[in-house]
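Visitor: Let's see this in three dimensions:
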Amino acid sequence: IVYWSEGAANADVWLMSADGSNANAIVSNVNIQDYYPIYRDAGNILYTRWESLSDLHDKIYNYNMGSGTSSRLALNVVGVEDADASPADPTKLVFSSTRSGGDGSYDIYMGRYDNNTVYNLPGANSIHSDLGPCCSPYTYARAIDLASPLSNSNYPAGSSLLLTANLA
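Guide: Below you'll find the model as predicted:
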(Lines give C-alpha, C1' and ligand atoms only; values in the text may rest on other atoms or scores of the structure.)
Protein backbone atom coordinates (compact mmCIF):
# COMPACT_ATOMS: atom_id res chain seq x y z
CA ILE A 1 0.00 0.00 0.00
CA VAL A 2 1.43 3.36 -0.99
CA TYR A 3 0.11 6.53 0.70
CA TRP A 4 1.19 9.90 2.04
CA SER A 5 1.27 10.99 5.66
CA GLU A 6 1.26 14.45 7.22
CA GLY A 7 0.65 17.65 5.28
CA ALA A 8 2.28 20.69 3.68
CA ALA A 9 6.07 20.72 4.09
CA ASN A 10 5.93 17.59 6.28
CA ALA A 11 4.09 15.39 3.74
CA ASP A 12 6.02 12.22 2.85
CA VAL A 13 5.28 9.14 0.71
CA TRP A 14 5.06 5.86 2.62
CA LEU A 15 4.89 2.20 1.65
CA MET A 16 3.54 -0.65 3.80
CA SER A 17 2.51 -4.28 3.47
CA ALA A 18 -1.12 -5.09 2.72
CA ASP A 19 -1.61 -6.24 6.33
CA GLY A 20 -0.53 -2.79 7.61
CA SER A 21 2.92 -3.86 8.77
CA ASN A 22 6.36 -2.65 7.67
CA ALA A 23 5.40 0.99 7.13
CA ASN A 24 8.38 3.01 5.89
CA ALA A 25 8.78 6.49 4.43
CA ILE A 26 10.20 5.96 0.93
CA VAL A 27 10.18 9.61 -0.18
CA SER A 28 10.96 12.16 2.49
CA ASN A 29 12.39 15.55 1.57
CA VAL A 30 12.96 18.02 4.40
CA ASN A 31 10.51 20.94 4.17
CA ILE A 32 9.26 19.71 0.76
CA GLN A 33 5.74 18.36 0.27
CA ASP A 34 5.74 14.83 -1.26
CA TYR A 35 2.21 13.51 -1.79
CA TYR A 36 -0.47 11.93 -4.02
CA PRO A 37 1.38 8.64 -4.75
CA ILE A 38 0.01 6.12 -7.22
CA TYR A 39 1.50 2.98 -8.70
CA ARG A 40 2.79 3.48 -12.23
CA ASP A 41 3.67 -0.22 -12.61
CA ALA A 42 5.16 -3.03 -10.50
CA GLY A 43 8.48 -1.19 -10.08
CA ASN A 44 7.57 2.51 -10.04
CA ILE A 45 5.43 4.97 -8.12
CA LEU A 46 4.36 8.35 -9.48
CA TYR A 47 3.94 11.13 -6.93
CA THR A 48 3.66 14.91 -6.73
CA ARG A 49 6.13 17.15 -4.91
CA TRP A 50 7.07 20.78 -4.66
CA GLU A 51 9.73 21.90 -7.12
CA SER A 52 12.03 23.23 -4.37
CA LEU A 53 12.09 25.18 -1.12
CA SER A 54 11.89 28.42 -3.10
CA ASP A 55 9.41 27.19 -5.74
CA LEU A 56 6.29 25.56 -4.30
CA HIS A 57 4.82 24.64 -7.68
CA ASP A 58 3.87 20.96 -7.82
CA LYS A 59 5.78 18.65 -10.15
CA ILE A 60 5.38 14.97 -11.05
CA TYR A 61 8.13 12.59 -9.98
CA ASN A 62 8.81 8.89 -10.44
CA TYR A 63 10.11 6.77 -7.57
CA ASN A 64 11.89 3.59 -8.68
CA MET A 65 11.34 0.93 -6.00
CA GLY A 66 14.28 -1.18 -7.17
CA SER A 67 16.90 1.55 -6.91
CA GLY A 68 15.17 3.65 -4.24
CA THR A 69 15.68 6.79 -6.32
CA SER A 70 13.36 9.56 -7.47
CA SER A 71 13.48 11.52 -10.70
CA ARG A 72 11.52 14.51 -11.96
CA LEU A 73 9.57 13.75 -15.14
CA ALA A 74 10.80 15.80 -18.09
CA LEU A 75 7.25 16.68 -19.15
CA ASN A 76 6.87 19.06 -16.18
CA VAL A 77 6.82 22.79 -17.00
CA VAL A 78 8.57 25.39 -14.84
CA GLY A 79 6.31 27.96 -13.18
CA VAL A 80 3.04 25.98 -13.31
CA GLU A 81 1.38 23.23 -11.30
CA ASP A 82 1.77 19.70 -12.74
CA ALA A 83 0.19 17.21 -10.35
CA ASP A 84 -2.10 14.25 -9.63
CA ALA A 85 -0.60 11.81 -12.15
CA SER A 86 -2.25 8.52 -13.03
CA PRO A 87 -0.86 5.95 -15.47
CA ALA A 88 -3.00 5.54 -18.59
CA ASP A 89 -0.97 2.68 -20.09
CA PRO A 90 2.73 1.70 -20.19
CA THR A 91 3.60 4.73 -22.37
CA LYS A 92 1.21 7.45 -21.11
CA LEU A 93 -0.07 9.17 -18.00
CA VAL A 94 -2.87 11.66 -17.29
CA PHE A 95 -2.41 14.59 -14.91
CA SER A 96 -3.78 17.97 -13.81
CA SER A 97 -1.95 21.17 -14.72
CA THR A 98 -2.32 24.95 -14.71
CA ARG A 99 -0.20 25.27 -17.89
CA SER A 100 -3.06 26.30 -20.21
CA GLY A 101 -3.47 29.86 -19.05
CA GLY A 102 -2.89 32.58 -16.54
CA ASP A 103 -6.09 32.13 -14.55
CA GLY A 104 -4.61 29.43 -12.27
CA SER A 105 -7.31 26.86 -12.99
CA TYR A 106 -6.41 23.25 -13.67
CA ASP A 107 -7.06 21.26 -16.84
CA ILE A 108 -6.52 17.58 -17.65
CA TYR A 109 -3.58 16.53 -19.84
CA MET A 110 -2.11 13.33 -21.18
CA GLY A 111 1.65 12.94 -21.48
CA ARG A 112 4.01 10.36 -22.93
CA TYR A 113 6.90 8.95 -20.91
CA ASP A 114 8.96 8.08 -24.00
CA ASN A 115 9.12 11.48 -25.74
CA ASN A 116 7.62 13.88 -23.15
CA THR A 117 4.90 15.03 -25.54
CA VAL A 118 1.91 16.52 -23.70
CA TYR A 119 -1.66 16.74 -25.05
CA ASN A 120 -4.44 18.91 -23.64
CA LEU A 121 -7.70 16.96 -23.37
CA PRO A 122 -10.27 19.70 -24.07
CA GLY A 123 -13.19 17.27 -23.84
CA ALA A 124 -12.29 16.69 -20.18
CA ASN A 125 -11.85 20.34 -19.28
CA SER A 126 -14.31 22.96 -18.08
CA ILE A 127 -14.18 26.57 -16.89
CA HIS A 128 -13.58 25.14 -13.39
CA SER A 129 -10.46 23.51 -11.99
CA ASP A 130 -10.38 19.93 -13.28
CA LEU A 131 -8.32 17.81 -10.88
CA GLY A 132 -7.41 14.23 -10.00
CA PRO A 133 -7.75 12.31 -13.26
CA CYS A 134 -7.58 8.55 -12.99
CA CYS A 135 -7.49 5.94 -15.73
CA SER A 136 -9.28 2.63 -15.51
CA PRO A 137 -7.14 -0.49 -15.77
CA TYR A 138 -9.96 -2.13 -17.70
CA THR A 139 -9.87 -2.40 -21.48
CA TYR A 140 -13.53 -1.52 -21.87
CA ALA A 141 -15.07 1.91 -21.43
CA ARG A 142 -16.86 3.16 -18.35
CA ALA A 143 -19.72 5.65 -18.31
CA ILE A 144 -19.60 8.81 -16.21
CA ASP A 145 -22.83 10.01 -14.61
CA LEU A 146 -23.15 13.80 -14.78
CA ALA A 147 -24.19 15.02 -11.33
CA SER A 148 -24.04 18.80 -11.73
CA PRO A 149 -24.01 20.11 -15.32
CA LEU A 150 -23.26 23.72 -16.16
CA SER A 151 -26.34 25.92 -16.53
CA ASN A 152 -25.88 26.13 -20.32
CA SER A 153 -25.22 22.39 -20.73
CA ASN A 154 -27.10 20.27 -23.25
CA TYR A 155 -27.05 17.38 -20.77
CA PRO A 156 -29.45 17.18 -17.80
CA ALA A 157 -28.31 15.91 -14.40
CA GLY A 158 -28.09 12.11 -14.39
CA SER A 159 -26.99 11.90 -18.04
CA SER A 160 -24.38 9.24 -18.74
CA LEU A 161 -21.37 10.42 -20.71
CA LEU A 162 -18.40 8.56 -22.09
CA LEU A 163 -15.06 10.32 -22.20
CA THR A 164 -12.41 8.91 -24.50
CA ALA A 165 -8.96 10.00 -25.57
CA ASN A 166 -7.20 8.28 -28.45
CA LEU A 167 -3.66 9.49 -28.99
CA ALA A 168 -1.15 8.15 -31.47
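
Visitor: What segments of this structure are strands?
Guide: Along the chain, counting by DSSP state E, strands occupy 2-5, 12-15, 24-27, 34-41, 44-50, 58-64, 69-72, 82-89, 92-97, 107-112, 118-120, 144-145, 160-161.

Visitor: how about those strands in CSV, adding mean neighbour count and distance to P133?
Guide: Glycine gets a C-beta too; all of them are placed from N, C-alpha and C. Formatted as CSV, the strands of the chain follow (neighbours: other Cβ atoms under 10 Å; distance: least, Cβ to Cβ, whole Å):
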stretch, mean neighbour count, distance to P133
strand 2-5, 16, 18
strand 12-15, 20, 19
strand 24-27, 15, 21
strand 34-41, 19, 11
strand 44-50, 22, 12
strand 58-64, 20, 12
strand 69-72, 12, 20
strand 82-89, 21, 6
strand 92-97, 24, 4
strand 107-112, 21, 5
strand 118-120, 15, 12
strand 144-145, 10, 12
strand 160-161, 10, 15
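
Visitor: for these, which one sits closest to C134?
Guide: strand 82-89 (4.6 Å; Cβ to Cβ).

Visitor: Give me the sheet partners of the closest one and which way each runs.
Guide: strand 92-97 (antiparallel) (DSSP bridges).

Visitor: Give me the angle between the partner strand and strand 34-41.
Guide: Interaxial angle of strand 92-97 relative to strand 34-41 (axes from the mean of the first three to the mean of the last three Cα atoms, to 10 degrees): 160 degrees.

Visitor: Perfect, I'm done here.
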